[in-house]
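1. Have a look; sequence and predicted model below, questions after that.
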Amino acid sequence: MTKIEETRDRILNVATNIFSRFGFHKTTVDEIARMAHKAKGSIYYHFKSKEDLFELVVEKEFQTLKSELLKAIETSKTAKEKLMNYAKVRMVTVSKLSNYYDALKNEHLSYIDFIVKIRQKYNNEEILLINKILKNGVENSEFELNDIFLTSNVILSALKGFELPFLINNKTDELIKRHEELINIINRGIEKR
């Protein structure tokens, strides 16, 4: 790794911590520079703006989420198991990725164009993962669906709807139980009879 790459990674790691502690609006480039032991100009050398830096932080966290989701899917045998593991791993991982989660839930950020794009991009990627699980289930005669894409959207919406109140109140154990029951209900509803 070159010195430039090391500096960029250091800034990105510091920014990740500061954004997760103070949020996007309260974090300043001055604070990131101070905590990274870099001049403010160094931050702007590596990143166009605070928005650019936050977007990269969220991208890094989403890649962590995606990696965990893919592992959960790949280690499951049936489509039903894949869907259950997807829901569990998604909830646990998202609760640990504060910047990604903040970008998805924070209404104060919803008017910022790049946040809207982030939400759309990652929603689409998650829908494609769920779509793949459902398609596999249909191909293996586990599921019977009229519209796989629509069902993928509904499942993701349901999972997100469950998360917010429980993650805000730090009730992860209760959320896991409810997620499991939600996926059981979904599995029974789409299972081939």
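-> Perfect, I can see it now.
2. center of the protein, which residue is that?
-> A centroid search over the chain (CA atoms, centre = their mean) returns residue 62, at 4.9 Å, as the residue closest to the centre.
3. Now name the helix or strand holding that residue.
-> If you go by DSSP states H and E, residue 62 is part of helix 50-74.
4. List of residues touching that helix?
-> Contacting residues not belonging to helix 50-74 are listed as 11-12, 15-16, 19, 24, 27-29, 32, 43, 47, 82, 85-86, 88-90, 93-94, 97, 99-100, 103, 112, 114, 118, 122, 125-126, 129, 132-133 [CB atoms under 8 Å, 6 or more residues apart in numbering]. The C-beta positions use only the backbone N, C-alpha and C, and glycine is treated the same way.
5. which residue ranges form the strands in this protein?
-> Taking DSSP state E as the test, none of the chain falls into strands.
6. Okay, domains of it per the record?
-> According to automatic domain parsing, the chain comprises the domains 1-47, 54-190.
7. now for the lengthiest helix in the chain, which elements pack on it?
-> Of all the segments assigned as helix in the chain under DSSP state H, the longest by residue count is helix 113-139. Contacts of helix 113-139 with other secondary structure elements, assessed using 3 or more CB pairs under 8 Å, 6 or more residues apart in numbering; DSSP states H and E, are made with helix 50-74, helix 79-96, helix 98-105, helix 148-168.
8. could you measure the spatially closest residue to residue 186 that is not a sequence neighbour against residue 179, distance?
-> Computed as CB to CB, 6 or more residues apart in numbering, the closest residue to residue 186 that is not its neighbour in sequence is residue 155, at 6.2 Å. In this structure, residue 155 and residue 179 are 11 Å apart, going by CB to CB, to the nearest Å.
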